[in-house]
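**Student:** What follows is a predicted structure for the sequence shown.
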Amino acid sequence: MKALLVEVVKSIDDNRTKEFIELAKAAGYEIVGILRQLRCTPDPAYYLGKGKVKELVEMVEALKPDKIIFNKELRPNQAINLENLTKKEVVDRIQLILEIFTKRAGTKEAKLQIELAQLRYLLPKLKMYVKYAKREEFPGFHGPGYYQTAKYERMIRKRIAKIERELEKIRYEREERRKIRRELGFSLVALAGYSNAGKSTLLNRLTKSNVPVDDKLFTTLGTYTRFAQFNGRKVLLSDTIGFIEDLPHLVIEAFKSTLEEITLADLIILVVDASEPIQEIIRKINTANKVLEEVGAAEKPIITALNKIDRLFSKEIKEILSKIEGYTPNPIPISALYGYNLDKLCTKAEQLLPKCIQIRARLPLKPDTNFLVSHIYNRGNVKYIIYSNNKVEVKFEVLPQSSEYFRRIIENAGGTIEIIH
């Protein structure tokens, strides 16, 4: 499908055209042309100025695109006015992102979240159609068309309510799983960052997994959680949806349950593509910080993983480190693809995670004792195991909130437990 891109920027130095083109291509469009306007204040009727609107109409007639795509969020009246003028469907930034999400969605949760965002986006547009109909700007629409639209609006609201209930159920189930994981002694670590920074590649490298990886925007929409070890410390590592500048609030709201993996994490690893120009690196760090603040995670411990250093020289890495100072905490240059400096990343992560307590357990040797010892080994960081005189002594580390769980299962097995702070 052919698309004409319309990019409105506030500064001549704005260099986000490449990202805009990548978004359009990710949605499956063939770019036939780009119209660019330098404008600080959008026109209330068309977003563009009168001269550019005329130029847009001329480009549509010459290039014959199937759709017109704006890099900004349009108000419903602006989109309708432009469609009436050009006789083409007009897509704004929100719709474009949702189209990409629709193509990428794989899980039931992701599909529900996308549908919720789409329906919430559609409602104001429907209201505008009704408003125009009442003013008789759509001849004939005030008859059966008006009532059909009103009926459609009620159906949308009903569907929104149903999706919200389904997502709340999924959210509750995920929270229950988190509680169990915490009780079992696992810290939660979330990978966050700009889309296509290499989060999924890092997850695969740290957990020896094989989650989908692609050099495209928004490859990950769901949440992948896998076991990892940071210097012997067992954690659950989650890959999350990628950020992008001006990520619409309704998208953040719709993906609330997915983004909670970041909000409720004990530690955030912010992954940044360090192979880009320094201005892009800083812009994307600022965008990530803004999203983290919006979801309530800005005060969490953060490590900044400066990824893709395999594409850089040592001098370039040092320059990046000096220029991002003050923009983001704990920067560590890494290569997720080749594993460079991941030992430093793991060491820093282990230092920033909540402190564990040590437990010394003494158990009688019985047929099921080895099963319990194996359970402790899988859930905690075991320091030593000593077998002697029909008894076994195990010293291990777990999170403080897990101590009661281990006390219960050890005492039920006829053993004793000693907390060592």
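**Tutor:** Nice, thanks for sending it over. Everything numeric here is computed off the predicted structure, so don't read it as measured data. Numbers count the residues shown, from 1 in each chain.
**Student:** How many residues are close by Ile409?
**Tutor:** A count of nearby residues for Ile409, using other CB atoms under 10 Å, gives 15. From N, CA and C alone the C-beta is placed, and that goes for glycine too.
**Student:** residues contacting it?
**Tutor:** 372, 375 (CB atoms under 8 Å, 6 or more residues apart in numbering).
**Student:** go again using 7 Å as the cut-off
**Tutor:** Leu372 (CB atoms under 7 Å, 6 or more residues apart in numbering).
**Student:** From His375, how far out is it?
**Tutor:** 7 Å (CB to CB, to the nearest Å).
**Student:** Could you do Gln118 as well?
**Tutor:** From Gln118 to His375 the distance is 45 Å (CB to CB).
**Student:** wouldn't Asp43 be in contact with Leu56 here?
**Tutor:** No: in this structure, Asp43 is not within contact of Leu56 by CB atoms under 7 Å, at 11.9 Å.
**Student:** Give me the more crowded residue out of those two.
**Tutor:** Neighbour count, other CB under 10 Å: between Asp43 and Leu56, Leu56 has more, with 22 against 16.
**Student:** is it fair to say that one lies in a helix?
**Tutor:** Yes: secondary structure of Leu56 (DSSP: H, G, I helix; E, B strand; the rest coil): part of a helix.
**Student:** just to revisit the earlier point, which one of Gln118 and His375 is surrounded by more residues?
**Tutor:** Neighbour count, other CB under 10 Å: between Gln118 and His375, Gln118 has more, with 19 against 13.
**Student:** Just the pLDDT at the more buried one, thanks.
**Tutor:** Here the pLDDT value assigned to Gln118 is 88.
**Student:** what's near enough to touch it?
**Tutor:** Per CB under 7 Å, 6+ apart, neighbours of Gln118: Leu98.
**Student:** in the sheet, who's paired with the residue lying closest to Val291 once chain neighbours are set aside?
**Tutor:** Closest residue in space to Val291, ignoring its immediate chain neighbours: Phe243 at 4.7 Å, by CB to CB, 6 or more residues apart in numbering. Bridge pairing for Phe243 (DSSP bridges) gives the partners Tyr194.
**Student:** Quick check, Phe243 in contact with Leu292.
**Tutor:** No: taking CB under 7 Å as the definition, Phe243 is not a contact partner of Leu292, at 8.6 Å.
**Student:** Quick test: name the residue nearest the centre of this structure.
**Tutor:** Ile241 (2.3 Å; CA atoms, centre = their mean).
**Student:** quick one, strands of this structure?
**Tutor:** For the chain, the strands defined by DSSP state E cover 2-9, 30-38, 67-70, 89-91, 187-193, 224-230, 233-239, 267-273, 302-307, 331-333, 357-364, 381-388, 391-398, 416-420.
**Student:** want to try JSON lines for these, with mean neighbour count as columns?
**Tutor:** Listed next are these as JSON lines, based on neighbours: other CB atoms under 10 Å:
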{"stretch": "strand 2-9", "mean neighbour count": "21"}
{"stretch": "strand 30-38", "mean neighbour count": "15"}
{"stretch": "strand 67-70", "mean neighbour count": "22"}
{"stretch": "strand 89-91", "mean neighbour count": "20"}
{"stretch": "strand 187-193", "mean neighbour count": "25"}
{"stretch": "strand 224-230", "mean neighbour count": "18"}
{"stretch": "strand 233-239", "mean neighbour count": "23"}
{"stretch": "strand 267-273", "mean neighbour count": "25"}
{"stretch": "strand 302-307", "mean neighbour count": "24"}
{"stretch": "strand 331-333", "mean neighbour count": "21"}
{"stretch": "strand 357-364", "mean neighbour count": "18"}
{"stretch": "strand 381-388", "mean neighbour count": "12"}
{"stretch": "strand 391-398", "mean neighbour count": "19"}
{"stretch": "strand 416-420", "mean neighbour count": "12"}
